[in-house]
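> take this sequence and fold it.
(one chain, ligands or ions: 2)
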Amino acid sequence: MLHAAPTAAQKRAAFRAGLNSGKLQRFPGAFNPLSAKLIEREGFEGVYVSGAVLSADLGLPDIGLTTITEVAGRAQQIARVTALPALVDADTGFGEPMNAARTVQLLEDAGVAGMHLEDQVNPKRCGHLDGKDVVDRDVAVRRISAAASARRDPDFVIAARTDAAGVHGLDDAIERAKAFADAGADLIFPEAMTGPEDFEKMRAAVDVPILANMTEFGKSKLLDAPTLESLGVNLVIYPVTLLRIAMHAAETALREIAGEGTQEGLLDRMQHRRDLYDLLDYPAYNTFDQNIFTFSV
Ligand SMILES: C[C@](O)(C(=O)O)[C@H](CC(=O)O)C(=O)O
Ligand SMILES: [Mg+2]
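Ligands and ions are numbered 1, 2, ... in the order given. Okay, here's the model as predicted:
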């Protein structure tokens with residue numbers, strides 16, 4: 001009730017254990033705190049807080065317009081209500097290496113389990129679009145080492161994302177991944193891998209866990225969970241999937257209401273009031289209230 005039971009420290013420890021378990025950790029993108037509760041109930045290992053979703057939620061494109069305050073605030077709202085670890089998209093760290101260091105501390109304070117930091121230039125772009133660019137490798141390494149050294153909780157996971165495959169090719173992405181691991185990254189996020197061969201090469205090159213981004217309508221072939229696990233991928237994110245599904249359902253509903261003059265025909269495609277209350281743990285709040293109001297001295 002009010003707040004999920006495990007502490008941030010416990011969630012970070014669980015995240016690290018999951019990354020070292022040899023089992024694929026599945027982190028769908030939570031588009032709000034409520035959807036994080038659904039992800040937990042359906043048995044996933046963690047939730048992802050996507051920059052693309054967060055900016056779309058604000059009615060903005062994903063081009064680095066959001067601030068660390070907005071990201072940390074939303075991440076905290078999401079992390080607070082779920083027992084699962086949350087991995088947050090920290091884009092480029094919101095500036096120079098010093099900003100990346102501050103980003104780590106603000107996200108630690110927000111109670112999340114980890115974040116990823118990418119090597120794109122500011123302003124960044126979606127990693128699956130053409131025309132993006134990356135900073136030099138040593139600048140990117142400085143971002144990662146600044147982030148790693150700013151941690152106060154050694155269990156807070158720093159993931160290093162490289163967008164270099166789509167700019168300079170896979171070999172450069174691999175060189176960067178190795179350098180980021182040496183600089184203290186706990187997890188490598190190779191962006192825009194085209195298919196299994198790319199993951200195989202990345203897997204062979206680094207000793208730390210790796211992440212697969214299974215975003216739709218982008219550059220990556222959608223590989224299923226057993227395939228990813230067999231490739232040695234440790235974590236998969238489905239960053240925008242739930243938002244895309246929810247927005248499509250909302251659009252369909254609006255058209256039905258506009259066309260039919262009623263939502264009656266949609267009832268069996270809705271989350272029932274009962275299920276919503278169940279997900280919110282409504283009865284626990286009633287009990288809490290009753291205990292307060294019946295308290296006597
Ligand atoms: C993972 C990502 O960084 C995100 O913000 O969710 C995006 C996803 C997307 O735009 O499809 C990315 O891959 O750049
Ligand atoms: Mg992003």
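
> can you report how many residues neighbour Asp281?
12 (other C-beta atoms under 10 Å). Bear in mind the C-beta positions are built from the backbone N, C-alpha and C, glycine included.

> actually Leu222, sorry about that
The burial count for Leu222: 12, using other C-beta under 10 Å.

> does it touch Met214 like I think?
Yes. The pair Leu222 / Met214 is scored as a contact, 5.6 Å apart, by C-beta atoms under 8 Å.

> overlap of the contact sets of these two?
Listed as contacting both Leu222 and Met214 by C-beta atoms under 8 Å, 6 or more residues apart in numbering is no residue at all.

> what about Val233, how many residues nearby?
Neighbours of Val233 using other C-beta under 10 Å come to 24.

> brain fart, Ala284
Around Ala284 there are 11 residues (other C-beta under 10 Å).

> and for Gln271?
Using other C-beta under 10 Å, Gln271 is surrounded by 11 other residues.

> doesn't it belong to a helix?
No. Membership of Gln271 in a helix is not supported by DSSP: H, G, I helix; E, B strand; the rest coil, which gives coil.

> hmm, who's touching the strand or helix carrying Met202?
Met202 belongs to helix 196-205 when elements are defined using DSSP states H and E. Outside helix 196-205, the residues within contact range by C-beta under 8 Å, 6+ apart are 165, 170, 173-174, 177-178, 188, 190, 193, 210, 212, 221, 223, 227-228, 231-233.

> what mean pLDDT does it get?
Mean pLDDT, helix 196-205: 98.

> can you list the buried residues in it?
Neighbour counts over helix 196-205 (16 or more other C-beta atoms under 10 Å) mark 198-199, 202-203, 205 as buried.

> what sits against the spatially closest residue to Gly73 that is not a sequence neighbour?
Excluding its sequence neighbours, the residue lying closest to Gly73 (C-beta to C-beta, 6 or more residues apart in numbering) is Ala110, at 7.6 Å. Contact analysis of Ala110 by C-beta under 8 Å, 6+ apart lists 72-73, 75-76, 79, 88.

> with respect to ligand 1, which of those is nearest?
Of all the contacts of Ala110, ligand 1 sits closest to Val88, with 10.0 Å by C-beta to the nearest ligand atom.

> isn't there a strand covering the closest one?
Yes. Assessed by three-state DSSP, Val88 belongs to a strand.

> what sits against it?
48-49, 71, 75, 107, 110, 112, 114-116.

> out of those, which are inside helices?
71, 75, 107 (DSSP state H).

> any chance of those residues in a markdown table, with pLDDT too?
Putting the ones in helices among the contacts of Val88 into a markdown table (pLDDT from 0 to 100) gives the following:
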| residue | pLDDT |
| --- | --- |
| Val71 | 98 |
| Ala75 | 98 |
| Leu107 | 98 |
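
> switch those residues over to CSV; also include neighbour count and distance to Phe15.
Listed next are the ones in helices among the contacts of Val88 as CSV, based on neighbours: other C-beta atoms under 10 Å; distance: C-beta to C-beta, whole Å:
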residue, neighbour count, distance to Phe15
Val71, 25, 18
Ala75, 25, 14
Leu107, 25, 13
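
> just the residues you listed now: which is nearest Arg273?
Taking C-beta to C-beta as the measure, Ala75 is the one of the ones in helices among the contacts of Val88 closest to Arg273, at 28.7 Å.
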